[in-house]
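**Student:** Just to be clear, the model below is a prediction. Sequence and coordinates:
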Amino acid sequence: MSVIDLRADVPLERTRSLRMSSIATIGVVISTLIVALTPSVASAATPIADVNLGTAASFSSVSTGALTVGAGAGVAGSAVVGEGAASTVSPDAAVGAAVSGIAQAQADVDAAYADAASRTPTGPLPATIDGQTFVTGVYYSAGAVANAGTVTFDAQGDPDAVFIFQIDAAFNTAAATTMTLINGAQARHIYWQVLGAVTIGAGATFIGTI
């Protein structure tokens with residue numbers, strides 16, 4: 001005489017088998033949900049390498065084109081420091097054509113520019129950057145960019161964090177604007193690759209290599 005499960009017209013052994021099968025299936029589903037709901041730990045992004053300045057790194061300023069600086073703004077090593085009215089530093093004026101190694105330094109500047117321009121952008125660069133905080137990355141703008149206030153660079157605890165800004169037009173910093181380094185950010189790891197004219201306003205604090 002068979003023992004019958006009164007809740008279903010199925011033999012007990014068959015019922016147990018179905019229950020175990022259901023439990024196993026539920027277990028698989030739960031395991032799948034746990035995997036799906038558990039945040040994955042992303043591997044660290046490939047660090048961004050510094051732009052290679054070559055021999056130009058030994059100069060405080062190397063110009064391959066004219067640079068306009070406002071009153072009170074200076075170009076280190078230049079005879080023209082922006083005193084009084086806005087001034088224009090012509091090619092070679094910042095270091096002098098007779099300085100040893102200037103030709104190679106200018107060639108290295110061109111190579112560094114091409115290097116910075118070739119980097120793959122990791123994010124967009126807004127037309128107005130004041131009030132913005134940037135973490136390590138390569139930021140691109142097809143149009144002109146301006147700073148009318150304060151820009152912050154956040155290295156997030158990494159002293160080797162690199163910031164590259166690609167601007168395919170003009171770049172203007174207004175008078176008395178500021179740039180700030182936080183959480184280990186360093187000026188030597190900040191690069192501005194600008195296709196158009198660059199203007200640094202009077203009394204502005206500027207950080208990085210243009």
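**Tutor:** Good, I have the coordinates. These numbers were taken from a predicted model, which means no experiment stands behind them. Numbers count the residues shown, from 1 in each chain.
**Student:** Could you check how many residues crowd around the closest residue to Ile190 other than its chain neighbours?
**Tutor:** The spatially closest residue to Ile190, leaving aside those adjacent along the chain, is Gly208, at 3.3 Å (Cβ to Cβ, 6 or more residues apart in numbering). Quick note: C-beta positions are derived from backbone N, CA and C, even for glycine. Neighbour count for Gly208, taken as other Cβ atoms under 10 Å: 18.
**Student:** got it, and Val138?
**Tutor:** 19.
**Student:** What score does it have for pLDDT?
**Tutor:** For Val138, the pLDDT comes out at 98.
**Student:** Which positions are bridged to Pro124 in the beta structure?
**Tutor:** Tyr140 (DSSP bridges).
**Student:** That one and Thr199: what is the separation?
**Tutor:** Separation of Pro124 from Thr199 (Cβ to Cβ, to the nearest Å): 22 Å.
**Student:** hmm, back to that, touching, the residue nearest to Ile190 and Phe171? I think so.
**Tutor:** No. Assessed by Cβ atoms under 8 Å, Gly208 is found out of contact with Phe171, at 10.9 Å.
**Student:** ranges for the strands of the protein?
**Tutor:** With strands called from DSSP state E, the chain shows them at 4-5, 10-11, 67-69, 87-89, 123-124, 133-134, 137-141, 145-147, 150-154, 163-167, 171-173, 178-182, 190-194, 198-200.
**Student:** Mind putting those strands into a markdown table with distance to Ser58?
**Tutor:** Shown next, in a markdown table, are these (distance: least, Cβ to Cβ, whole Å):
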| stretch | distance to Ser58 |
| --- | --- |
| strand 4-5 | 89 |
| strand 10-11 | 87 |
| strand 67-69 | 19 |
| strand 87-89 | 19 |
| strand 123-124 | 32 |
| strand 133-134 | 27 |
| strand 137-141 | 25 |
| strand 145-147 | 28 |
| strand 150-154 | 24 |
| strand 163-167 | 21 |
| strand 171-173 | 25 |
| strand 178-182 | 23 |
| strand 190-194 | 17 |
| strand 198-200 | 22 |
